[in-house]
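Engineer: Turn this into a model:
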Amino acid sequence: MSRRNRTPAPAAAPCTVTVCRGCCCGTPKIPGVDHAAQLARLRGDLAGTDGRLRVTDCVDACEHGNVVIVQPSAEGRAAGGRPVWLGLVNDPDATADIAAWIRAGGPGLAEPPGVLDLYAFTPSRRVRQAAGA
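Structural biologist: This next block holds a predicted model:
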């Protein structure tokens, strides 16, 4: 009788919410925003979902600060989802809408709440490649 080393299949990659906290985003250059509370709310809203939160340094889209990039899960990418760049995410309601979208499946699997269309922007190819999104 042969033994096979059975390793569990890797979990499918979840949606990733990348929050810029570089030179402009997450700093007093964006006045009136509680940046720590924004991250805490996203962490709390994403708890219990398949989404994960990643904080990164500058993504070089400072004119859109605060920038949030929503990357699809593996399943969402297979369904045609692509990273969605959101700028001027300075309102607590936008943070809640992002989390609701992730709970619904995220890019490729669920339509974003309509208001997020107002935040969406397309960064230059150079910026997208540098950010890995």
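Engineer: So the residue nearest the centre of the chain, which state does it fall into?
Structural biologist: By Cα atoms, centre = their mean, the chain has its centre lying nearest to residue 17, at 2.1 Å. Following DSSP: H, G, I helix; E, B strand; the rest coil, we place residue 17 in the strand state.
Engineer: wait, isn't it in contact with residue 67?
Structural biologist: No. Between residue 17 and residue 67 there is no contact under Cβ atoms under 8 Å: 11.3 Å. C-beta coordinates here come from the backbone N, C-alpha and C atoms, glycine included.
Engineer: Looking at strand pairing, list the partners for the residue nearest to the centre of the chain.
Structural biologist: On the basis of DSSP bridges, residue 17 is bridged to residue 53, residue 70.
Engineer: any idea how far it lies from residue 108?
Structural biologist: Note on residue 17: its distance to residue 108, by Cβ to Cβ, to the nearest Å, is 15 Å.
Engineer: tell me the pLDDT at residue 74?
Structural biologist: Looking at residue 74, its pLDDT is 94.
Engineer: Look up how far residue 88 lies from it.
Structural biologist: From residue 74 to residue 88 the distance is 29 Å (Cβ to Cβ).
Engineer: can you check residue 111 too?
Structural biologist: Distance from residue 111 to residue 88, counting by Cβ to Cβ: 21 Å.
Engineer: Those two: which has the busier surroundings?
Structural biologist: When residue 111 and residue 88 are compared for neighbours, residue 88 comes out ahead with 16 against 11, by other Cβ atoms under 10 Å.
Engineer: dump the residue contacts of the more buried one.
Structural biologist: Neighbouring residues of residue 88 by Cβ atoms under 8 Å, 6 or more residues apart in numbering: 64, 65, 66, 119.
Engineer: Which pair of these spans the longest distance?
Structural biologist: Taking Cβ to Cβ as the measure, the contacts of residue 88 span a maximum distance of 11.8 Å, between 65 and 119.
Engineer: shared neighbours, the two?
Structural biologist: Residues touching both residue 65 and residue 119 (Cβ under 8 Å, 6+ apart): 87, 88.
Engineer: the helices in the chain, which residues?
Structural biologist: Secondary structure of the chain (DSSP state H): helices at 35-46, 74-78, 92-104, 125-131.
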